[in-house]
Structure formats: structure tokens, C-alpha cells
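Peer 1: After the sequence you'll find the predicted model.
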Amino acid sequence: MEASVATTAPDTQARRNARGMTGWIKFMGIMTIIGGCLQALSIVGLVIAWLPIWMGVVLTKAGSRAREYADKGDFASLEGMIGQLKNYFTISGILIIISFAVSIIAAGVWVVLLATGVLSSSSLMDYFRR
């Protein structure tokens, strides 16, 4: 009897957790899609707006799979949710690495320009006086 209680308790808790996070996952997915659509309104943003839209779709799908698992207890839905979350976090991680690399390169260029005198307070003032 104890074995059946021990095996069903984690499943029940997992289903409760899935039910509790469904709304938040879908909310974050929809807000990410909206952010991507707003980003697409600019010329520069149009080039990369597909990324947040795609990430929002992935999150929304994960939320739907979480709801399926919470309602039915179907482990295929749980696997699908985990797979979608894996995709989301992989994309996010790659974007963070790229952003970090671009920031380091930009800071390096800034330092070189300051050190060579190309960017100095007098040259900036001359630029704005024109």
C-alpha cells in the first residue's frame, strides 16, 4: 500500500505544479509575441523580430502541453512540455551568449576609439555644433 502512495504522490504534485504554471507560461509566451510584434514595427527590429515571436510561440505551446498534462496526466504531454521548454531555454541561452559577445566587442571598440582620440569630448562637441 505504501508503494502505491509513494508512486502517485509525485505525479499528483507534478500535475499540480503543471496546472499552476500553465497560466504564467502562456502569459509570458503571449507577452513575448506582443513584444516581437512591436519590435517588428521598426526597420532594424523587423530583421530580428522573428526571434521573440518564435520564442513566444514555443512558450505558448509549452503552456498548452502543461495544461494537457495537468488535466489528463498524459506523460507524452509532459515530455512535450519539457521539450518545448528546452527549446526556449536553448534559444534564450544562445541569444544571451551572442548579446554578451556583441557587448564585449562594442566595449572594446569604444575603448580603442577613446584611446586613439577619435572619440574625445572636443570632437564630440564639434560634431554637435555643426
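Peer 2: Arrived safely. Numbering: from 1, shown residues only.
Peer 1: can we go C-alpha only for contacts and neighbour counts from here?
Peer 2: OK.
Peer 1: Give the residue spans of the chain that score low on pLDDT.
Peer 2: When residues are selected by pLDDT under 70, those of the chain lie in 1-10, 119-130.
Peer 1: Can you tell me which residue is spatially central in it?
Peer 2: Centroid-nearest residue in the chain, with Cα atoms, centre = their mean: Ser92, separated by 4.6 Å.
Peer 1: On the three-state scheme, it is what?
Peer 2: helix (DSSP: H, G, I helix; E, B strand; the rest coil).
Peer 1: Distance of it relative to Trp54?
Peer 2: Counting by Cα to Cα, to the nearest Å, the separation of Ser92 from Trp54 is 11 Å.
Peer 1: Same check on Ile96?
Peer 2: In terms of Cα to Cα, Ile96 sits 16 Å off from Trp54.
Peer 1: When these two are compared, which one has more neighbours?
Peer 2: Between Ile96 and Trp54, counted using other Cα atoms under 10 Å, Trp54 has the larger neighbour count: 17 against 12.
Peer 1: Next up, the contacts around that one.
Peer 2: Ile33 (Cα atoms under 8 Å, 6 or more residues apart in numbering).
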